[in-house]
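In: sequence and predicted structure, then a few things I'm wondering about:
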Amino acid sequence: MLTKALWILKPRCVLGGSLNRRPVTFATPSPALSSGAISRSTADAAEINADDAIAYSYPAESPTAMPVMMPGHLQPRVVVYDGVCHLCHGGVKWIIKADKYRKIKFCCLQSKAAEPYLTVSGVTKEDVQRRFLFIEGLGSYHQASTAALRVVSYLPLPYSALNAVSIVPTPLRDSVYDYVANHRYDWFGKAEDCLVLKDKELLERFIDRDELIDRC
């Protein structure tokens with residue numbers, strides 16, 4: 001009876017001395033892009049080799065985590081923007097001031113550090129020059145007005161209340177965004193290099209700060 005009971009209790013998942021394992025799936029962006037703003041979710045999933053997976057670190061969630069971009073790793077909640085645009089830089093300064101919990105990070109489009117973020121999002125530098133990019137997490141990337149609304153949603157009140165603008169249809173929001181973006185250099189000017197270099201106290205919020213400091 002004891003032998004029979006032990007046989008019944010024996011784990012059925014152990015076969016041949018090893019566990020049966022299901023393949024791991026990672027969310028990857030779809031290669032196809034729409035003509036409008038990007039807004040993707042982890043629904044676009046495909047099986048890939050674990051060694052090729054792009055990992056995201058959340059430095060704010062652990063006191064011992066490195067708060068900078070480590071080789072081979074991308075961080076979430078990163079804004080990639082045109083660093084020589086005065087209007088864009090003004091917006092970044094406003095977000096940094098409002099973001100007291102330091103949830104949002106930044107990267108100048110002109111930096112090499114921006115390249116892997118563009119690759120994983122499936123966009124080019126020209127795309128981001130027209131519409132800034134917000135990498136919310138693995139498999140979730142946004143541009144234009146949708147990106148702006150996703151960014152403010154991470155800010156504390158009263159700033160996060162601006163997300164109520166999302167009730168306006170995306171085509172209408174983006175038409176206003178594109179009109180301002182197309183005239184931003186004429187209206188606000190364009191610098192020769194990333195404007196954050198003139199506001200070095202902001203560099204701690206930039207994942208490409210080491211690269212920018214080397215250019216000073």
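Out: Nice, thanks for sending it over. Numbers count the residues shown, from 1 in each chain.
In: ok so Arg102 is a helix residue?
Out: No - assessed with DSSP: H, G, I helix; E, B strand; the rest coil, Arg102 is coil; it does not lie in a helix.
In: tell me the pLDDT at it?
Out: pLDDT, Arg102: 93.
In: excluding sequence neighbours, find me the nearest residue to Val80.
Out: Leaving aside its chain neighbours, Val80 sits nearest to Leu133 (4.3 Å; criterion: C-beta to C-beta, 6 or more residues apart in numbering). Every residue, glycine included, has its C-beta placed from N, CA and C.
In: check which helices and strands the helix ranked longest in the chain sits against.
Out: Ranked by number of residues, the top helix in the chain under DSSP state H is helix 170-188. Here helix 170-188 touches helix 86-98, helix 125-130, helix 144-152, going by 3 or more C-beta pairs under 8 Å, 6 or more residues apart in numbering; DSSP states H and E.
In: average pLDDT for the helix or strand hosting Tyr117?
Out: Under DSSP states H and E, the secondary-structure element containing Tyr117 is helix 115-121. Averaging pLDDT along helix 115-121 yields 92.
In: returning to that earlier point: closest to Leu109 out of the helices and strands packed on helix 170-188?
Out: Smallest distance to Leu109 across the helices and strands packed on helix 170-188 (C-beta to C-beta): 5.2 Å, for helix 125-130.
In: the helix holding Tyr117 packs against which elements?
Out: Helix 115-121 makes packing contacts with strand 73-74, strand 78-81, helix 125-130, strand 133-137 when contacts are defined by 3+ C-beta pairs under 8 Å, 6+ apart.
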